[in-house]
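A.B. asks: build me a model:
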Amino acid sequence: MKIAISGKGGVGKTTIMALLAGELRKQGREVLVIDADPSPHMAETLGFKDAEKARPIADMTRLLAERAGKTEGSPFYNLNPEVNDLLRDFMIEHDGLRLMVLGAVQVAEGGCACPENHVLKKMLKKMLLAPNEVVLLDMEAGVEHLGRGTVAGVDHLLIVVIPSRSSIRTALKIKKMADDVRIPNISFIANLVRDEDDREFLMTALPEAPIAFFPDSREIRNAERKETAITEIESELEGAPQQILLKIFQDKK
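C.D. replies: Purely as a prediction, here's the structure:
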């Protein structure tokens, strides 16, 4: 199972993906998290103490360009880059969870991150998983990853929304583009929900109801500020991670 998450910047994609990773681990599943955000911080959110050991794939720019088969002066890439060893060479592990960090352009005028995203796209399509294995893909904010087709190989896309018009607009754009690239299953996830008015706003503004509602949690905010793992938080989540996974695995059958 390959699950991606998307949404407008600041809606809580990384937090929700980390909570899903923790719940999947509790269920006894093998979990690989891929942080594909240009400003990665999944390692800290998951509680990895050796986050600096997560070697970003983007650091290997020349290798990736060679893997992707792009020749100088050509806009085209080889359709079958060899990516099998990337899992071994760029993965770290902590507390039963595995993590890869894609990385991206980190400096002004640093160029395009196309080779990185091309290899990620092919890796997702070629990756063969056992029934007990799950890949969680934390995408960059907005719609760029859909324009590049990076998530075309995933089984389920989660679109995170908060009770704001700008978040809704971005979510609807993502939904349309995800439909265009034929992602088989797409669901909305509500976050930072404070009261019934927030729920009603989201239910009215979206074309279909979110499959789970995450409350505006003080416990999560405190964990983020302290850079401590949020994977064990349960008291304020109202069963939202379990609801998401129940829906996802029902759709997979």
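A.B. asks: any stretches of this protein with poor pLDDT?
C.D. replies: Judged by pLDDT under 70, the chain has its weakly predicted residues at 38, 51, 57-87, 103-128, 143-145, 147-150, 152, 234, 253.
A.B. asks: where along it do the strands fall?
C.D. replies: Listed from the start of the chain, the chain has strands (DSSP state E) covering 2-7, 30-36, 91-94, 97-101, 133-139, 156-161, 185-193, 213-215.
A.B. asks: adding mean neighbour count and distance to L206, write those out as CSV.
C.D. replies: C-beta here means a position set from N, CA and C on the backbone, and glycine is covered the same way. Written out in CSV, the entries for these read as follows (neighbours: other C-beta atoms under 10 Å; distance: least, C-beta to C-beta, whole Å):
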stretch, mean neighbour count, distance to L206
strand 2-7, 25, 12
strand 30-36, 23, 25
strand 91-94, 15, 35
strand 97-101, 23, 31
strand 133-139, 24, 19
strand 156-161, 26, 7
strand 185-193, 21, 6
strand 213-215, 21, 12
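A.B. asks: JSON lines for those strands, including distance to E200?
C.D. replies: As requested, those are exported to JSON lines (distance: least, C-beta to C-beta, whole Å):
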{"stretch": "strand 2-7", "distance to E200": "20"}
{"stretch": "strand 30-36", "distance to E200": "33"}
{"stretch": "strand 91-94", "distance to E200": "40"}
{"stretch": "strand 97-101", "distance to E200": "36"}
{"stretch": "strand 133-139", "distance to E200": "28"}
{"stretch": "strand 156-161", "distance to E200": "14"}
{"stretch": "strand 185-193", "distance to E200": "10"}
{"stretch": "strand 213-215", "distance to E200": "11"}
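A.B. asks: which among the ones you listed is found nearest to E23?
C.D. replies: Comparing the strands of the chain against E23 with C-beta to C-beta, the closest turns out to be strand 30-36 (9.5 Å).
A.B. asks: which residues are contacting the closest one?
C.D. replies: Contacts to strand 30-36, defined as C-beta atoms under 8 Å, 6 or more residues apart in numbering, come from residues 14, 17-18, 21, 24-25, 41-43, 46, 54, 87, 91, 96-102, 117, 120, 130, 132-140, 145, 150.
A.B. asks: just give me how far that strand sits from the chain centre.
C.D. replies: Here strand 30-36 shows a centroid-to-chain-centroid distance of 8 Å under the convention C-alpha atoms, centre = their mean, to the nearest Å.
A.B. asks: same question, stretch 6-25
C.D. replies: Taking C-alpha atoms, centre = their mean, one finds the center of stretch 6-25 at 7 Å from the center of the full chain.
A.B. asks: ditto for stretch 231-249
C.D. replies: For stretch 231-249, the distance between its averaged C-alpha position and the chain's averaged C-alpha position is 16 Å (C-alpha atoms, centre = their mean).
A.B. asks: can I get the CA coordinates of it in PDB?
C.D. replies: The C-alpha atoms that make up stretch 231-249 are tabulated as PDB, following Å, rounded to 0.1, in the frame of the first residue of the first chain:
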ATOM      1  CA  THR A 231       3.500   9.200  17.300                       C
ATOM      2  CA  GLU A 232       2.400   8.300  20.800                       C
ATOM      3  CA  ILE A 233      -0.300  11.000  21.100                       C
ATOM      4  CA  GLU A 234      -3.800   9.600  21.400                       C
ATOM      5  CA  SER A 235      -5.700  11.500  24.000                       C
ATOM      6  CA  GLU A 236      -6.800  14.400  21.900                       C
ATOM      7  CA  LEU A 237      -7.200  12.800  18.500                       C
ATOM      8  CA  GLU A 238     -10.700  11.400  18.800                       C
ATOM      9  CA  GLY A 239      -9.700   8.200  16.900                       C
ATOM     10  CA  ALA A 240      -8.900  10.100  13.700                       C
ATOM     11  CA  PRO A 241      -5.900   8.000  12.600                       C
ATOM     12  CA  GLN A 242      -7.800   4.800  13.100                       C
ATOM     13  CA  GLN A 243     -10.700   6.100  11.100                       C
ATOM     14  CA  ILE A 244      -8.400   7.100   8.200                       C
ATOM     15  CA  LEU A 245      -6.700   3.700   8.000                       C
ATOM     16  CA  LEU A 246     -10.000   1.800   8.300                       C
ATOM     17  CA  LYS A 247     -11.300   3.700   5.200                       C
ATOM     18  CA  ILE A 248      -8.000   3.300   3.300                       C
ATOM     19  CA  PHE A 249      -7.800  -0.500   3.800                       C
END
